[in-house]
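# Here is the input, now give the coordinates:
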Amino acid sequence: MPRLLRFVDSALLTVCLGTLITGFGFAARAMPSVAHALWATGAVLMLFPLSVSIVKALRRHEAGVDILALLAIGFALALDEYLTAEVIALMLASGRALENYAQERAQRDMTTLLARAPRYANRFEAGEWRRVELDDVRPADRLLVRSGEFVPVDATL
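All right, here's what the predicted structure looks like:
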């Protein structure tokens, strides 16, 4: 995922969480109109990236839960349920952030795993051990796997 999108998703999560908490502070001080404005701001800000992702998905002829989230936030705002809209926006922003984290971690782990994959095998031929490319290994070849090495091919040991 591009760095800019990760930044936008992190910023949206921060904004949604910040407007939610700050709105609770104003609501506790008997200033509901300020709280509602904050909650509405957080929800409306989430509508922009949500709309972009929906348009991209529809171009691929896919529909997902983003449409439901957009409708839920839109209807909550239309019904003056600003806290509800903000909570839905926060749930969506946190889900996107968790998805980004999981994707980055999976990519990092896969890169690490592939970096450890053997590229050569030690094959016994003509009375000695020779290092050969994995593509040159054939069924019934005798291979040497030293202590600490990975088995370079699918095999029966």
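
# how about the strands in this protein?
120-125, 128-133, 143-144 (DSSP state E).

# In the protein, where's the longest helix?
helix 82-116 (DSSP state H).

# From the contact counts, what lies against that helix?
Applying 3 or more CB pairs under 8 Å, 6 or more residues apart in numbering; DSSP states H and E, one finds that helix 82-116 contacts helix 3-28, helix 32-59, helix 65-78. Heads up, the C-betas are built off the backbone N, CA and C, glycines and all.

# what is the orientation angle of that helix with helix 65-78?
Orientation check (axes from the mean of the first three to the mean of the last three CA atoms, to 10 degrees): helix 82-116 against helix 65-78 gives 160 degrees.

# Identify each buried residue in helix 82-116, please.
82-90, 92-93, 96-97, 100 (16 or more other CB atoms under 10 Å).

# swap in stretch 73-84?
So for stretch 73-84, counting by 16+ other CB under 10 Å, buried means 73-74, 76-77, 81-84.

# Now for these: which two are most distant?
G74 and L83 (15.2 Å; CB to CB).
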